[in-house]
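*Asks:* Just a sequence and a predicted model for now, questions to come.
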Amino acid sequence: MASSSSSNLSRVLAPIRRRIDNMVSRGVWRRGDDGKKMQEGQVSLLKNEVRDRVERWQNYGITSVPHEGAETVVMFVGGSRDHPMIMAVDDRRYRKKDMEAGEVALYTDEGDYVHIKRGRIVEIKAGSLLKIDAPEVTITGNLKVEGDIGIIVENGDVEAKVRLNTHEHTDVVTGSDLTGPPKEDT
C-alpha cells in the first residue's frame, strides 16, 4: 500500500518537478538586437535548443552588448520553456580580474575600464581617447598632467607655448608703458 501511495505521489508531483527543473538554464549568447526598447538575444540552451528574440534584462543605467560565446543565465517564468528571459550575461574571456572585495569596474574586451578601487580611488584606462563633453568641467583637487596639454585658450587670455608661471616678456620698460608679448617656449 505504501509503495502505491508513493508512486501516486511521484506521478502527481512529476509535472511540478519538471517545471522547477526547467526554471533556470545556462546558455551561450549567439547574437543580439540592441535596437529595441528591451535588448533581445539569441541563445543556445539545452542540446539542440536555440531560442531567438529572448528579452535580456539589464540593470537600469548600465547596458552592454555581449560578444558571441558569452555565457548566459536564462530564467523561464513558471518553469514553462515558452517564456524565457535572459537574466545575466558574463564573459570569462574578457572579465577584469584580480580586484579586491568591494571594488567595482566597467570594462570592455579591448582592455579599457573604469575601476572604482579601495581607498576611494577611481582609475580610468582608455586605449586611445578619453572624451568629456560638457559645457563646464570642475576639478576641485590638484591637477597633474604628464604629456602634452595641447592648446589652451580661455577668452584669449592663455595661449599655447607660453608657460603661465615662468614666461618672459619682450620689450620690458619702466613706467606705465605695456611690455611686448610673452616669448614662446621652444
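*Replies:* Good, I have the coordinates.
*Asks:* In this structure, what residue spans correspond to helices?
*Replies:* 2-21 (DSSP state H).
*Asks:* Now do the longest strand seen in the chain, average pLDDT.
*Replies:* For the chain, the strand with the greatest residue count under DSSP state E is strand 24-33. Strand 24-33 comes out with an average pLDDT of 97.
*Asks:* So which bits of stretch 44-61 are buried?
*Replies:* For stretch 44-61, the neighbour count (16 or more other C-beta atoms under 10 Å) marks 44-45, 51, 54-56 as buried. Every residue, glycine included, has its C-beta placed from N, CA and C.
*Asks:* State the distance spanning the first to the last residue of it.
*Replies:* End-to-end distance of stretch 44-61: 27 Å, with C-alpha to C-alpha, to the nearest Å as the criterion.
*Asks:* same thing with stretch 100-109?
*Replies:* End residues of stretch 100-109 are separated by 20 Å (C-alpha to C-alpha).
*Asks:* can you give me how far that stretch is from the chain middle?
*Replies:* Here stretch 100-109 is found 9 Å from its chain centre; the criterion is C-alpha atoms, centre = their mean, to the nearest Å.
*Asks:* same thing with stretch 45-64?
*Replies:* Using C-alpha atoms, centre = their mean, the offset of stretch 45-64 from its chain centre is 17 Å.
*Asks:* for stretch 79-92, same thing?
*Replies:* Its chain's average C-alpha position is 20 Å from that of stretch 79-92, according to C-alpha atoms, centre = their mean.
*Asks:* Could I get the pLDDT score of residue 134?
*Replies:* 95.
*Asks:* Could you give the number of residues near it?
*Replies:* Applying other C-beta atoms under 10 Å, we find 6 residues neighbouring residue 134.
*Asks:* and the longest strand of the chain, what does it pack onto?
*Replies:* Strand 24-33 is packed against strand 40-44, strand 50-56, strand 71-76, strand 84-90, with contacts defined by 3 or more C-beta pairs under 8 Å, 6 or more residues apart in numbering; DSSP states H and E.
*Asks:* right, so of these, which gets closest to residue 21?
*Replies:* strand 71-76 (10.2 Å; C-beta to C-beta).
*Asks:* buried sites along that closest one?
*Replies:* Neighbour counts over strand 71-76 (16+ other C-beta under 10 Å) mark 71-72, 74, 76 as buried.
*Asks:* And for stretch 75-83?
*Replies:* Buried positions in stretch 75-83, judged by neighbour count with 16+ other C-beta under 10 Å: 76, 79, 81.
*Asks:* For the first one, which residues are in contact?
*Replies:* Put plainly, it is residue 76. Residues near residue 76 by C-beta atoms under 8 Å, 6 or more residues apart in numbering: 22-25, 82-85.
*Asks:* one step back: can you convert the buried residues of strand 71-76 into JSON lines and add a column each for distance to residue 109 and pLDDT?
*Replies:* Below are the buried residues of strand 71-76 laid out as JSON lines (distance: C-beta to C-beta, whole Å; pLDDT from 0 to 100):
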{"residue": "71", "distance to residue 109": "14", "pLDDT": "98"}
{"residue": "72", "distance to residue 109": "17", "pLDDT": "98"}
{"residue": "74", "distance to residue 109": "22", "pLDDT": "98"}
{"residue": "76", "distance to residue 109": "29", "pLDDT": "95"}
